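> Attaching a predicted model along with its sequence, questions to come.
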Amino acid sequence: MTEEAIQERVLSLPMPEIVSPDDVADTVYYLARGTTKTTGQLLIVDCGRSM
């Protein structure tokens, strides 16, 4: 994809940002740290694209 096409898609998101590896790492850290009250969840890190 061209940079222009990527930016066009990003602008249509509820949170108009590109998900970075750091965003995904934050989610992995959250789960790895120990969430005793979280069970059987699917966390999607996509700036609201799948809403």
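Good, I have the coordinates.
> and residue 17, helix, strand or coil?
State at residue 17, reduced to three classes by DSSP: H, G, I helix; E, B strand; the rest coil: coil.
> Please name the spatially closest residue to it (chain neighbours excluded).
Among residues not flanking residue 17 along the chain, residue 47 sits closest, at 5.3 Å (C-beta to C-beta, 6 or more residues apart in numbering). Glycine gets a C-beta too; all of them are placed from N, C-alpha and C.
> quick one, what contacts that neighbour?
By C-beta atoms under 8 Å, 6 or more residues apart in numbering, residue 47 lies in contact with 10, 13-19.
> how close does it sit to residue 40?
Residue 47 is 23 Å from residue 40, where distance means C-beta to C-beta, to the nearest Å.
> What separation is there between residue 12 and residue 47?
Per C-beta to C-beta, residue 12 is found 10 Å from residue 47.
> List the buried residues in the longest helix seen in the chain.
Secondary structure of the chain per DSSP state H: the longest helix is helix 21-33. The neighbour-count check on helix 21-33 (16 or more other C-beta atoms under 10 Å) flags nothing as buried.
> One more: stretch 41-51?
Neighbour-count burial for stretch 41-51, counted by 16+ other C-beta under 10 Å, picks out residue 47.
> Let me see the mean pLDDT of that stretch.
Stretch 41-51 comes out with an average pLDDT of 83.
> Over to stretch 21-30?
pLDDT averaged over stretch 21-30 gives 91.
> State the separation between that stretch and the centre of the chain it belongs to.
Remark: stretch 21-30 is offset 9 Å from the chain centroid, using C-alpha atoms, centre = their mean, to the nearest Å.
> Contacts for it next, please.
Contacts to stretch 21-30, defined as C-beta under 8 Å, 6+ apart, come from residues 43, 45.
> Buried subset of the contacts of residue 47, written for ChimeraX?
To isolate the buried members of those in ChimeraX, using 16+ other C-beta under 10 Å:
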select :19
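> Let's have the contacts of residue 47 in a markdown table, adding distance to residue 31.
Putting the contacts of residue 47 into a markdown table (distance: C-beta to C-beta, whole Å) gives the following:
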| residue | distance to residue 31 |
| --- | --- |
| 10 | 26 |
| 13 | 23 |
| 14 | 23 |
| 15 | 20 |
| 16 | 26 |
| 17 | 21 |
| 18 | 22 |
| 19 | 16 |
